[in-house]
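Engineer: Sequence and predicted structure below; questions after.
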Amino acid sequence: GDVGSGKTAVALCALYAALASGYQAVLLAPTEVLARQSFALAMRYFPEYRIGLLTGSVPAKEKKAIKGELKSGEISLLIGTHAVLEDDVAFESLALCVCDEQHRFGVSQRAVLTDKGKATDMLVMSATPIPRTLSLIFYGDLDISTIEDKPKNRCEIQTNVVPHYKYEDMLEFIRGEVGKGRQVYFVCPKIEEDEEGAIMSVTELYEELSHKLFGLRLGLLHGKMKDAEKNAVMADFKEGRLDCLVSTTVIEVGVDVPNASIMVIYNAERFGLSQLHQLRGRVGRSELKSYCFLLTGSESPSAVERLKIMKTTNDGFKISEYDYEMRGSGDFLGTRQSGKFMGELGNLNYSTASIFLAKKISDEVFSSGKNLDLIRAISLEKYNRLKDVTLN
């Protein structure tokens with residue numbers, strides 16, 4: 001489902017089904033901001049269950065207590081970041097793993113999570129599946145459910161690539177929108193100053209915008225800040241005490257501020273397509289007309305082409321399909337998440353139309369009932385050669 005389409009609601013329903021059946025479940029989130037947001041929602045909707053939050057900032061004593069209650073089965077639902085992948089995090093009866101924003105996790109990390117249970121189901125969610133995941137979908141090794149539509153009150157986000165000579169005009173437009181009561185995100189790819197001076201750091205950008213947008217209330221947010229500071233800045237922005245938030249990609253996921261209607265991304269050519277799409281998805285979460293401005297000085301053909309894709313579509317699946325055809329599927333019998341795959345069957349980087357056609361033909365062969373003994377023999381041989389490979 002695309003950004004803002006309701007994937008979290010689907011995840012909560014799946015988690016509740018596991019809990020109501022007497023099993024344990026875990027939700028893995030890529031950032032502490034998103035983990036805490038999911039924890040708050042779960043506490044609100046599942047008050048009858050014991051829920052634990054495990055992140056890097058949780059004190060050691062509290063971590064130990066959570067792990068003990070998890071192993072004994074007292075905690076039914078665990079929500080956390082990479083901390084849930086630690087070796088000493090053990091479950092009594094884990095039945096469901098939910099991986100939110102799965103493109104942020106490696107193949108091995110997801111395997112570690114499912115291995116914590118005996119027969120664990122895995123639900124992965126993303127607005128922009130990485131190429132390897134798309135490959136597994138196309139080859140039939142993953143079941144896919146798609147949320148086709150967004151809530152009815154959402155407006156389409158208008159995306160524009162802004163050249164340097166239009167920068168001041170963009171800032172004037174932003175000042176006008178803030179005057180109407182709107183809020184703005186400014187995203188920078190780096191926390192610290194670039195040695196070559198080619199990229200402005202988030203603190204430098206904050207200082208520049210404090211002068212250029214004098215009179216507006218600006219906040220600064222990045223990953224090196226203490227959790228208490230980050231939470232305070234996010235609360236100020238969400239509650240309207242700040243007009244603009246100057247940030248790194250820490251706001252890529254888990255931030256929902258309906259009044260924010262403008263996203264400005266600096267050095268956009270340095271971000272991947274999935275990141276750009278996720279960042280853009282922080283706006284357009286209400287009936288307000290929303291904008292995404294991509295700033296770049298790059299004239300690289302590949303960068304120009306990628307930004308053109310962002311300008312022409314808001315469809316996360318189409319963006320992923322483009323990424324798939326440009327970067328390759330990755331090694332779906334291994335851990336590479338992109339790149340060309342060459343296996344026993346040769347090059348599998350065909351067009352998506354060819355893949356769906358091949359799938360249709362194979363379905364017809366199996367449904368015909370002919371040559372089943374030969375098919376079984378081939379399948380058994382393939383299974384024996386690949387039985388130790390984890391497809392996830």
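Structural biologist: Cool, the structure landed. In this text the structure is predicted, and so the values were computed from the model without any measurement. Numbering: from 1, shown residues only.

Engineer: Break down the stretch 201-350 of the chain into its helices, ranges please.
Structural biologist: Along the stretch 201-350 of the chain, counting by DSSP state H, counting those that start in this stretch, helices occupy 202-212, 227-238, 273-280, 301-312, 316-327.

Engineer: what's the closest of the ones you listed to N160?
Structural biologist: Across the helices of the stretch 201-350 of the chain, N160 has its closest neighbour in helix 301-312 (6.8 Å, C-beta to C-beta). No exception for glycine: its C-beta is placed from N, CA and C like everyone else's.

Engineer: What helices and strands are in contact with that closest one?
Structural biologist: Packing contacts for helix 301-312, counted by 3 or more C-beta pairs under 8 Å, 6 or more residues apart in numbering; DSSP states H and E, involve strand 157-162, helix 273-280, strand 290-295, helix 316-327.

Engineer: Next, the buried residues of that helix.
Structural biologist: R306, L307, I309, M310 (16 or more other C-beta atoms under 10 Å).

Engineer: Throw these into JSON lines and include distance to E156 and pLDDT, thanks.
Structural biologist: Listed next are those as JSON lines, based on distance: C-beta to C-beta, whole Å; pLDDT from 0 to 100:
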{"residue": "R306", "distance to E156": "20", "pLDDT": "89"}
{"residue": "L307", "distance to E156": "18", "pLDDT": "93"}
{"residue": "I309", "distance to E156": "16", "pLDDT": "92"}
{"residue": "M310", "distance to E156": "13", "pLDDT": "94"}
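
Engineer: What is the nearest of those residues to E208?
Structural biologist: Closest approach to E208 among the buried residues of helix 301-312 (C-beta to C-beta): L307, at 22.5 Å.

Engineer: Backbone dihedrals for V26, please?
Structural biologist: Main-chain torsions, V26, degrees, to the nearest 10: phi -140, psi 140.

Engineer: give the contact list for the residue nearest to it when sequence neighbours are not counted.
Structural biologist: Closest residue to V26 apart from its sequence neighbours, by C-beta to C-beta, 6 or more residues apart in numbering: L78 at 4.6 Å. Contacts here follow C-beta atoms under 8 Å, 6 or more residues apart in numbering; on that basis L78 touches 24-27, 51-54, 66, 70, 84, 89, 91.

Engineer: now, which of those residues lie within helices?
Structural biologist: The helices, defined by DSSP state H, take in I66, L70 from the contacts of L78.

Engineer: of all the contacts of L78, which comes closest to S286?
Structural biologist: S286 has its nearest neighbour among the contacts of L78 in L27, at 25.7 Å by C-beta to C-beta.

Engineer: Which strand residues bridge that closest one?
Structural biologist: For L27, the beta-bridge partners are I79, V98 (DSSP bridges).

Engineer: Is it in contact with L41, as I believe?
Structural biologist: No - the criterion here is C-beta atoms under 8 Å, and L27 misses it with L41 at 10.0 Å.

Engineer: The two: which is more packed in?
Structural biologist: The neighbour count for L27 versus L41, taken as other C-beta atoms under 10 Å, is higher for L27 (27 against 15).

Engineer: what's near enough to touch that one?
Structural biologist: L27 neighbours (C-beta under 8 Å, 6+ apart): A11, L15, A35, S38, A42, L77, L78, I79, G80, V98, D100.

Engineer: try 6 Å this time
Structural biologist: S38, I79, V98 (C-beta atoms under 6 Å, 6 or more residues apart in numbering).

Engineer: Let me see the confidence value for the first one.
Structural biologist: Predicted confidence (pLDDT) for S38: 90.

Engineer: Counting neighbours, what do you get for it?
Structural biologist: There are 25 residues near S38, going by other C-beta under 10 Å.

Engineer: Do I have it right that it meets T81?
Structural biologist: No - with contacts counted by C-beta atoms under 6 Å, S38 stays clear of T81, the gap being 10.5 Å.

Engineer: Helix 316-327 and the top helix by length along the chain, what's the angle between them?
Structural biologist: Longest helix in the chain by number of residues (criterion: DSSP H): helix 352-368. Going by axes from the mean of the first three to the mean of the last three C-alpha atoms, to 10 degrees, helix 352-368 is angled at 100 degrees with respect to helix 316-327.

Engineer: burial of the residue nearest to A90 when sequence neighbours are not counted, as a residue count?
Structural biologist: Nearest residue to A90, sequence neighbours excluded (C-beta to C-beta, 6+ apart): K71, at 4.8 Å. Other residues near K71 come to 14 when the count uses other C-beta under 10 Å.

Engineer: can you list the domain ranges for the chain.
Structural biologist: Domain ranges of the chain: 7-127, 157-313, 342-386, per automatic domain parsing.

Engineer: could you redo the ones you listed as a markdown table and give each row distance to E148?
Structural biologist: A markdown table is the format used below for the domains of the chain (distance: least, C-beta to C-beta, whole Å):
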| stretch | distance to E148 |
| --- | --- |
| domain 7-127 | 13 |
| domain 157-313 | 15 |
| domain 342-386 | 18 |
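
Engineer: Sticking with the closest residue to A29 other than its chain neighbours, tell me its helix or strand.
Structural biologist: In space, and not counting its chain neighbours, A29 is closest to A35: 4.1 Å by C-beta to C-beta, 6+ apart. Under the criterion DSSP states H and E, the helix or strand holding A35 is helix 32-45.

Engineer: Cool, thanks, signing off.
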